[in-house]
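>>> okay, predicted coordinates and the sequence, questions at the end:
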Amino acid sequence: MTLLMTLSSFLSDVSSWSMVVVGIGLVIFVHEAGHFMVAKWCGVRCEVFSLGFGPRLLGFRRGNTDYRLSLVPIGGYVKMAGDNPGENLQGASDELPNKSVGQRFAIYSAGVVMNVLFAMIALPIVLAIGVMFNSTEVGTVVEGGAAWRAGLRTGDDLLEVGDSKVFNFPEVVTQVALGDTENIPVVFQRPGVDEPMRTVLHPTYDEEEGRYVIGIAPAMEPFVLVQADGPAAAMGITDEEVRVLSFNGRALESVGDFRDACLRNEAEEVTLLLVLENGEQREVRVEAKAAADDQRRVGIQPLANELVAMRGSALELLGALLQEGDDLRRLWIHDAADPVNDSAAFKKPLRNRKEMEQAFDAAWDTEVRWSIELSRDGQKRMIELPRERLVAATSAKGLIDDLAFGLGDDQNMVWSYRGRDGSEEGTVFSAEQQGLPEWGRILAVDGEEVETWVEITEAIRAGGDLVTLSVEVDGSTQDYELEPRLVTVRPDVGLLPVYAMIERRYGIVEAFQVGVTESAYFLKTVYLTLKKIFVRDVSPKNLGGILTIAVVSKRLADAGIPRLFFFLAILSLNLAFLNILPIPVLDGGHLLFLLVEKIKGSPVSERVMGYSQLVGLVMVFALLLYVTYNDILRVFVKN
């Protein structure tokens, strides 16, 4: 059965890649066919019609034209008589330079026009058939991000972003990246609320992504896909889709919980409770595939206790007491008459979100005073909280949900833990065995100074069988010799979460209206992308080339022909816009020279034309190299 599934997957891949080749070839063909047809109509002799560049692979000759497929599949061209500077002209009437400015303008603009027409025809057709898109429903909301601050929740369905309707989640990302960098209006539908809701988001620039973001991820489907050659399939799970109810005995409420469990998992065997497609429940013990790179662990965790942001009731009740950037250390619980000191108070550590919620929940219904010990600008402070007001206004979970935490200036201050996930179960790590002090600040690993959590983990990973941590507590430093344990991180169980999808389908008239609107939107998007790159609001590392196009096309081909053709229509519009840019060797460059010729009354000199063509070729080639470099990083390195 597994062999049949593997064979089926292989044949599906072959079919998808075939559709990709044909689809991208069709977009190129449409563009070049525009030049070719108008050139023929104007009486210009066309010597070559080529899909691809470089040496001829195959083709045929009809009349004066060689129709060919060439070796380098990154475009195409129509070779017209007399279109190259310095070409030996015979003065024949079918040579391009002997045609009027208007005729030549029509020839050079025809490719762009055909690409736009292709999109405006293809989009309404596929929208009338029905296209599956990534849902605009919000999945994960990043703590402290713009969406979190504005109160967006998991399950909210985004309808408009930046005054434009959004049809899929990538459009949400694009609207944010290319929109107002300070205020982005959003309209969304919240489950259980009749009328759409509105808010304004204040995006932040993400250096890693190279664009503005609002801190959300798309929703996931309630099921996971069974990979044909994965461990779950090897245990006899032949359904394509299953639901996961529990992971190693821990109940799961959503696919997001399953994904998080996989990320935290370090076991080589995993017990899953699955619901199969026919509704049958089955418990499966899966021998997981080991990850490509294991990690060396000594049993320490960073403090995720820096207050990143506040919202809602927390901002209203605590905004005057706490500040963003505060490192919360402990919750002190004491009677009304007791002073806040070690002898008279019971204190709970606040090292991460889980501990904070547990600490406040344990004291919520008791008649006590609360004080928080924190570090602000490197100075220890004690702040008493308005317990009565907090209890009256919210709950322990509500309070913590309105506070966002992350790694702060104390990234090299750590705590040691037991087991795999901080629980009391499992093998004790070396840090616990050696008594690494809580709230200790790691100054060096094997003599090398460290300041961030990434530097600490990298130093431990690169160390030997024993690593020495220099730890400072209350001004004194002590060395601890720890033995790292090799841990298999994120072993693969062969179940793949997938993003939620939604079908968009319209009547013929509405499909045409939406298709035209989407065409205009995507042309505007290309323009805004180049503009944002120029003003450095978007990093050029977001540009992609032929490899990215191929990978995206393959993924969309897997999702069906309508989805692939929707993408090809967008690709056609991108090709149209880029070709119209006034860069020599591109159509826009030729059109620019024709305008100059019309104004001055004579053609641009061959010398100027030749040098400009060379400069344009260098620019295009440099861009090609850059986007190919981006593709390699995106497709091979990051994956």
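Structure received.
>>> pLDDT-wise, which helix or strand of this protein ranks last?
Of all regular secondary-structure elements in the chain, judged by mean pLDDT, DSSP states H and E, the least confident is helix 546-558 with a mean of 65.
>>> can you give me the buried ones in the helix or strand following that one?
Sequence-wise, the next helix or strand downstream of helix 546-558 (DSSP states H and E) is helix 561-580. Buried residues in helix 561-580, counting neighbours by 16 or more other CB atoms under 10 Å, are found at 562-580. Placement of C-beta: from N, CA and C, glycine included.
>>> again with stretch 44-55
Buried, per 16+ other CB under 10 Å, within stretch 44-55: 44, 45, 46, 48, 49, 50, 51, 52.
>>> equivalent analysis for stretch 587-603, please.
587, 588, 589, 590, 591, 592, 593, 594.
>>> spatially nearest residue to the fifth one, not counting backbone neighbours?
What that stands for is residue 591. Excluding its sequence neighbours, the residue lying closest to residue 591 (CB to CB, 6 or more residues apart in numbering) is residue 108, at 5.5 Å.
>>> isn't that neighbour right next to residue 593, touching?
No: here residue 108 lies out of contact with residue 593, judged by CB atoms under 8 Å, at a distance of 9.3 Å.
>>> what sits against residue 396?
By CB atoms under 8 Å, 6 or more residues apart in numbering, the residues touching residue 396 are 357, 360, 361, 364.
>>> same question, residue 97
If a contact means CB under 8 Å, 6+ apart, then residue 97 has 82, 89, 603 as its contacts.
>>> ok, now how distant is the second one from residue 160?
In this structure, residue 89 and residue 160 are separated by 56 Å, where distance is defined by CB to CB, to the nearest Å.
>>> so between those two, which is more surrounded?
For residue 89 versus residue 160, neighbours defined as other CB atoms under 10 Å are more numerous around residue 160 (17 against 12).
>>> just checking, that one touches residue 166?
Yes: in terms of CB under 8 Å, residue 160 counts as a neighbour of residue 166; the distance is 6.6 Å.
>>> picking that back up, the residue nearest to residue 591: neighbour count?
The burial count assigned to residue 108 is 26, neighbours taken as other CB under 10 Å.
>>> ok so it is a helix residue?
Yes: secondary structure assignment (DSSP: H, G, I helix; E, B strand; the rest coil) places residue 108 inside a helix.
>>> measure it to residue 42 for me?
Here the criterion is CB to CB. By it, residue 108 lies 11 Å from residue 42.
>>> now do residue 255
Separation of residue 255 from residue 42 (CB to CB) stands at 58 Å.
>>> out of these two, which sits in the busier spot?
For the pair residue 255 and residue 42, the greater number of neighbours falls to residue 255 (22 against 18), based on other CB under 10 Å.
>>> can you pull the contacts of the residue nearest to the more buried one when sequence neighbours are not counted?
Across the structure, with CB to CB, 6+ apart as the measure, the residue nearest residue 255 apart from its sequence neighbours is residue 220 (4.2 Å). Contacts for residue 220 were tallied using CB under 8 Å, 6+ apart; they are 139, 254, 255, 256, 259, 497, 498, 499, 500.
>>> which element is the fourth one on?
It refers to residue 256. In the assignment (DSSP H and E), residue 256 maps to helix 255-264.
>>> that helix packs against which elements?
Using 3 or more CB pairs under 8 Å, 6 or more residues apart in numbering; DSSP states H and E as the contact definition, the elements that helix 255-264 packs against are strand 220-226, strand 241-247, strand 495-499.
>>> off-centre distance for whichever helix or strand comes after it?
From helix 255-264 onward toward the C-terminus, using DSSP H and E, the following helix or strand is strand 269-275. Chain-centre distance of strand 269-275: 29 Å, with CA atoms, centre = their mean, to the nearest Å.
>>> how about strand 269-275: buried residues?
Applying a neighbour-count criterion of 16+ other CB under 10 Å, the buried positions in strand 269-275 are 270, 272, 273, 274, 275.
>>> got a list of contacts for it?
232, 237, 242-249, 281-288, 491, 493, 495.
>>> re the thing from before, let's see if you can find the most crowded of the contacts of residue 220.
Ranked by neighbour count under the definition other CB under 10 Å, the contacts of residue 220 are headed by residue 255 with 22 neighbours.
>>> could you measure from that one over to residue 81?
61 Å.
>>> do residue 382 as well
Taking CB to CB, one finds residue 382 at 87 Å from residue 81.
>>> the more surrounded of the two?
When residue 382 and residue 81 are compared for neighbours, residue 81 comes out ahead with 20 against 13, by other CB under 10 Å.
>>> quick one: secondary structure of residue 43?
What three-state DSSP gives for residue 43 is coil.
>>> what's the local residue count around the residue lying closest to it once chain neighbours are set aside?
Excluding its sequence neighbours, the residue lying closest to residue 43 (CB to CB, 6+ apart) is residue 94, at 5.7 Å. Other residues within reach of residue 94 by the criterion other CB under 10 Å amount to 17.
>>> likewise residue 100?
Residue crowding around residue 100 was assessed by other CB under 10 Å; the count is 10.
>>> residue contacts, the closest residue to residue 541 other than its chain neighbours?
By the measure of CB to CB, 6+ apart, the closest residue to residue 541 outside its immediate chain neighbours is residue 210, 5.0 Å from it. Residue 210 is in contact with 538, 539, 540, 541, 542, counting by CB under 8 Å, 6+ apart.
>>> you'd agree residue 50 is up against residue 79?
Yes: with contact defined as CB under 8 Å, residue 50 counts as touching residue 79 (7.4 Å).
>>> how many other residues sit next to residue 465?
In terms of burial, residue 465 registers 7 neighbours under the definition other CB under 10 Å.
>>> name the SS class of it, please.
In terms of secondary structure, residue 465 is coil; the call rests on three-state DSSP.
>>> okay, the nearest residue to residue 217 once chain neighbours are set aside and residue 26: tell me how far apart.
Of all residues beyond its chain neighbours, the one nearest residue 217 is residue 140 (4.1 Å), with distances taken as CB to CB, 6+ apart. Relative to residue 26, residue 140 is positioned 37 Å away (CB to CB).
>>> next: residue 481.
For residue 481, the distance to residue 26 (CB to CB) stands at 65 Å.
>>> more neighbours, these two?
A side-by-side neighbour count of residue 481 and residue 26, using other CB under 10 Å, places residue 26 first with 18 against 10.
>>> how about the more buried one: what's its closest non-neighbour residue?
Beyond its immediate neighbours in the sequence, the residue positioned closest to residue 26 (CB to CB, 6+ apart) is residue 568, lying 6.8 Å away.
>>> where does pLDDT dip in the stretch 301-450 of the chain?
For the stretch 301-450 of the chain, applying pLDDT under 70 flags the ranges 336-345, 418-427.
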